[in-house]
Structure formats: C-alpha cells, structure tokens
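**Student:** output the structure for:
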Amino acid sequence: MAITNKERAERALQREAARLKTCTHCWAAAGEHCKPGPGGRSNTHRERLDFALRDHAPLPARELIPRDSAWIYQPLNVSDPDSPILGIRQSIFRTLCRDTDEMGALTVVAISQYDPEYPTLNNPMVLMAAQMFLGLSEEERETAIARLLARGYLNVSGPRAVQTAPDAARVFEVPEMDAAFMSRWAAAKKAVPQPRI
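**Tutor:** Numbering: from 1, shown residues only. Predicted structure coming up:
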C-alpha cells in the first residue's frame, strides 16, 4: 500500500524528533543516528520513535494509587539477607514496565531518597532500571520526572528536588516488612536450584 506525501513528511518529522532522544536500543546519543540495520540500511529503533511520540503527547492524567498490599520487591544487595528492599506498587510497575525512562526515574529517586550513595547496590534488575535513566540526557530526565509528577507518583520536595509518593515506591528496611512474608520469601529463594558452572 503506497503512502501519501503527507504521511511520508509526518514520518520524516517523527524520525527527526526521535533523533533528539537517546536510543535505549543501541544507545545512539541525542542527535546521532541509530546504528545501521541489516545490510547497512538506515534504522531508527522503535523505542526511540515511541518515546519521541510520547514526549509530544499531553502529560498523563493524575492516577489514584491503590492502597493494597500488592508490591514488587527487590533487595538492593542480593547477597545480604538484611539488605534494604526497594518496593514499587504492583499496579505502578505494570503501568511503567514498558517505559524505561519513567521506571528508571522512579527507581533512582526512591534509592536516592533512602541513601544517595548506597554503597552495595548489586541487584541486576535495579541496576538495569537505574542505568536506563542515568544514561539519558538532562532534558530526557526532566521529561520523565515531569510525567511521574503528573501521574502523582512523585511529589515536589524543594527547588529542583522531588521525592516518591510513599504509596507508589520507597525503600523498606527489613524490620518494616511482615515477618511471615519475609520467611516465605527466604524459603522460596532457597528452593530455587542453584546454577551449575
């Protein structure tokens, strides 16, 4: 099916807007082209195009955060049973799971709020989410923060300072957690077969 000149022009504008974003697929910096596709053909990765469209869309509406017990938990230090635990509300995790900018921003703000220089962060899942945010340009970070503020997941805490809404995400100390849940979690981790090398 042939595309019209208008559609062709719109796609060109979309690709140009995408180049102002860091590509989270090949990590081409803002202003650089994505790495060529198969056969050396020019390429703009889908995530980069999606994020460019999102940046030009209206800010999301404020969301009502459910106060249930459904959280996604990740220890900051996987080798320490007493490690602080990053908690993100399950409904929010599902909302942001495809948006690496916003998920990374929420993760970084929550950990920075707990301890800006936490020394033993070694959980691969948490590190990957944080790196997705830290690898962005300053403008891209501000866009992610603005969208989280609009959703109600972050609150302004001072000039150019934000903190997480406590019902959305925060770092828990082990004594704050339900003892029965922690026992079940420890048993489940022990039941996972260890990889053989």
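
**Student:** A helix includes L49, no?
**Tutor:** Yes. L49: assigned to a helix according to DSSP: H, G, I helix; E, B strand; the rest coil.

**Student:** ignoring the adjacent residues along the chain, who's closest to the residue positioned nearest the centre of the chain?
**Tutor:** Residue closest to the average C-alpha location in the chain (C-alpha atoms, centre = their mean): M103, at 1.8 Å. The shortest distance from M103 to any residue other than its chain neighbours is 4.3 Å, reached at L96 (C-beta to C-beta, 6 or more residues apart in numbering). No exception for glycine: its C-beta is placed from N, CA and C like everyone else's.

**Student:** how near is that neighbour to Y153?
**Tutor:** L96 sits at a distance of 8 Å from Y153 (criterion: C-beta to C-beta, to the nearest Å).

**Student:** what touches both of these two?
**Tutor:** Residues touching both L96 and Y153 (C-beta atoms under 8 Å, 6 or more residues apart in numbering) are L106.

**Student:** out of those two, which sits in the more crowded spot?
**Tutor:** Taking other C-beta atoms under 10 Å, L96 and Y153 do not tie; Y153 has more neighbours (28 against 24).

**Student:** roughly how far does the more buried one sit from T22?
**Tutor:** In terms of C-beta to C-beta, Y153 sits 22 Å off from T22.
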